[in-house]
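Participant: model this:
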Amino acid sequence: MDDTRLSTIQKVEQFTRVAAAVEFCGISRREKYAWIEQTIIRFRYRRHRKKNKSAVKQFVMKMTGYSDIQTKRLIGQYLATGKVLLSAKKKHRFPAKYTPDDVALLVRADNAHARLSDLATKRIFEREFLVFRKSEYERLSRISVSHLYNLRGRRQYISHVTTDTKTPPHSFPSGAAQYLAPDVSFENLEAVARRMSDTEYATMMQKQKAELLKNLSR
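Facilitator: Numbering: from 1, shown residues only. Presented below is the predicted three-dimensional model:
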């Protein structure tokens, strides 16, 4: 930035007024910081009263495009340390937490379980990872209900899910044991269920259901 002709506070104020519609861009943040430091030194910012300091600040804002808060922070950094430097800290950027593979697992679970509630689905993922030791469910085992809702809104999910968005009510009548075959008990069924994860078992049941309906329609 060549602003050497702006040698007084009065000229800076005039420039800031007439340059109201000018946008200064195309330089790096490091170059802007170096220019701000040089400007503070050149106009002997420390020695001025509030009005002239404000004029310098407005000039810096105009030339850099920085906000009032950013400019105050950088000037304050110079006054405290004698330098305007880039922060050594790197902003923490959150990676894309849930991948297409995670969405595919959600689709599989919802298709198998006829789309349970968000909380029930979260419990299934916890069991898949913690009980059945399936590493692919690690991220989903820690998913929040709000994130689960967001995943169900993704295009990938919508285009592959085959269940309704509402979960049909389930009821288990009392005395159900009387309808079991003589050599079958709920303990036997529980043992069978433990051999497979919730999603695997539900997927098998969906296939059996489809096969049964197919046979009945013949």
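Participant: only C-alpha atoms for contact and neighbour calcs from this point on.
Facilitator: Noted.
Participant: ok, residue 68 - contacts?
Facilitator: By C-alpha atoms under 8 Å, 6 or more residues apart in numbering, the contact set of residue 68 is residue 61.
Participant: Look up how far residue 75 lies from it.
Facilitator: According to C-alpha to C-alpha, to the nearest Å, residue 68 and residue 75 sit 11 Å apart.
Participant: ok, now residue 160?
Facilitator: 55 Å.
Participant: residues of the longest helix anywhere in the chain that come out buried?
Facilitator: For the chain, the helix that runs over the most residues, judged by DSSP state H, is helix 198-216. Neighbour counts using 16 or more other C-alpha atoms under 10 Å place 198, 199, 200, 201, 202, 203, 206 of helix 198-216 among the buried residues.
Participant: pretty sure the first one contacts residue 131?
Facilitator: No. Residue 198 sits out of contact with residue 131 when judged by C-alpha atoms under 8 Å, with a separation of 10.3 Å.
Participant: tell me which helix or strand of this structure sits lowest on mean pLDDT?
Facilitator: When each helix and strand of the chain is scored by mean pLDDT, DSSP states H and E, helix 186-194 comes last, with a mean of 66.
Participant: What's the separation between the residue of the chain positioned farthest from its centre and residue 208?
Facilitator: Centroid-distance maximum for the chain: residue 182 at 53.4 Å, with C-alpha atoms, centre = their mean. To residue 208, residue 182 is 22 Å away according to C-alpha to C-alpha.
Participant: Phi, psi for residue 132 please.
Facilitator: Here is the backbone geometry of residue 132 (degrees, to the nearest 10): phi -100, psi 0.
Participant: quick one: contacts for it?
Facilitator: Contacts of residue 132 by C-alpha under 8 Å, 6+ apart are residue 197.
Participant: And the one 5 residues further on, by the same measure?
Facilitator: If a contact means C-alpha under 8 Å, 6+ apart, then residue 137 has 102, 105, 125, 126, 128, 129 as its contacts.
Participant: In helices, which of the residues you listed appear?
Facilitator: 102, 105, 125, 126, 128, 129.
Participant: And the nearest residue in space to the third one that is not next to it in sequence, how close does it get to residue 150?
Facilitator: Looking back up the chat, that one is residue 125. In space, residue 125 comes closest to residue 141 once its chain neighbours are excluded; the distance is 4.8 Å by C-alpha to C-alpha, 6 or more residues apart in numbering. Here the criterion is C-alpha to C-alpha. By it, residue 141 lies 15 Å from residue 150.
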